[in-house]
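Peer 1: Only the shape, not the letters, is given here:
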């Protein structure tokens, strides 16, 4: 079994038997991998990491040729992103990003651009940047880099440039011009400002996008479009998104 090393972000973890953990990582050099950490629950000092979700680590593992579950021999913390963990909204956004990486990215398929995007996003969350904006930028750029990008440049059906009103089709994965709107009766109208915001985020780097202003109406539609598109193509709602939505809709008794 070859011994391999890489930077890694922990996506999820679960107990295995009485003493061990199984964790899913997104690594810089090998993409998404799964590994078992034997004995970590009884001897945590064996690993220099608390193994918390979305923490940033160096991992060393034995790559098993006949199994997708590799043996993790070392996991050393680089950054636990403790500032994120002090705020429930930031934790929620970080959890959504980790769950998206796990759901979208194929196993053991290197994508260093996605790794850099994820790491930059967690660092911005930890540094105090607007968590909702960080998560929105992350979602849009992840869809581009992973090949799931919705088609916003022109009509997804006829290819014509869209100059005026358009509709967004979940099933066709993009915009429909007025002549093609009948091809998906479930398509919904979309503001030109929403399309412009998405294209701006796609084309510019993270720091520039953090300064992008968005009126509340555009932001609300952007969230609706992104989350609906993700739910449709993943065929489920993200657990972390569902929890965050319930928290945002919660009204304390007596209010």
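Peer 2: Perfect, thanks for sending it. Keep in mind that what you see is a predicted model, and the values were worked out from it rather than measured.
Peer 1: switch to C-alpha atoms for all contacts and neighbour counts from now on
Peer 2: Will do.
Peer 1: how's this protein carved up into domains?
Peer 2: 3-80, 89-149+191-249 (automatic domain parsing).
Peer 1: longest helix of this protein?
Peer 2: helix 216-234 (DSSP state H).
Peer 1: How about residues contacting that one?
Peer 2: Here helix 216-234 makes contact (CA atoms under 8 Å, 6 or more residues apart in numbering) with 103-104, 136, 139-140, 170-171, 173, 190-191, 193-194, 198, 237-238.
Peer 1: List the buried residues of that helix.
Peer 2: Using 16 or more other CA atoms under 10 Å as the test for burial, helix 216-234 gives 218, 219, 222, 225, 226, 227, 229, 230.
Peer 1: what packs against the helix or strand following that helix?
Peer 2: Next along the chain after helix 216-234, taking DSSP states H and E as the criterion, comes helix 239-249. In terms of contacts (3 or more CA pairs under 8 Å, 6 or more residues apart in numbering; DSSP states H and E), helix 239-249 is packed against helix 88-104.
Peer 1: at 6 Å what do you get?
Peer 2: For helix 239-249, there is no helix or strand it packs on, judged by 3 or more CA pairs under 6 Å, 6 or more residues apart in numbering; DSSP states H and E.
Peer 1: average pLDDT across it?
Peer 2: In this model, helix 239-249 has a mean pLDDT of 80.
Peer 1: what's the burial count for residue 163?
Peer 2: Counted with other CA atoms under 10 Å, the neighbours of residue 163 add up to 9.
Peer 1: That one: what secondary structure?
Peer 2: Per DSSP: H, G, I helix; E, B strand; the rest coil, the secondary structure class of residue 163 is coil.
Peer 1: before we move on, the earlier item: closest to residue 163 out of the domains of the chain?
Peer 2: Closest of the domains of the chain to residue 163 is domain 89-149+191-249, at 9.1 Å (criterion: CA to CA).
Peer 1: which intervals of the stretch 151-255 of the chain have sub-threshold pLDDT?
Peer 2: Within the stretch 151-255 of the chain, the stretches with pLDDT under 70 are 249-255.
Peer 1: separation between the residue minimising distance to the centre of the chain and residue 11?
Peer 2: Note on the chain: the residue nearest the mean C-alpha position is residue 97, at 3.1 Å, using CA atoms, centre = their mean. The spacing between residue 97 and residue 11, counted by CA to CA, to the nearest Å, is 9 Å.
Peer 1: re earlier: just the buried residues of the contacts of helix 216-234.
Peer 2: Buried among the contacts of helix 216-234 by 16+ other CA under 10 Å: 104, 136, 139, 140, 170, 173, 190, 191, 193, 194, 198, 238.
Peer 1: what residues does the longest strand seen in the chain touch?
Peer 2: The residue-count maximum for a strand in the chain (DSSP state E) belongs to strand 3-16. Residues outside strand 3-16 that contact it (CA atoms under 6 Å, 6 or more residues apart in numbering): 21-29, 53-62, 98.
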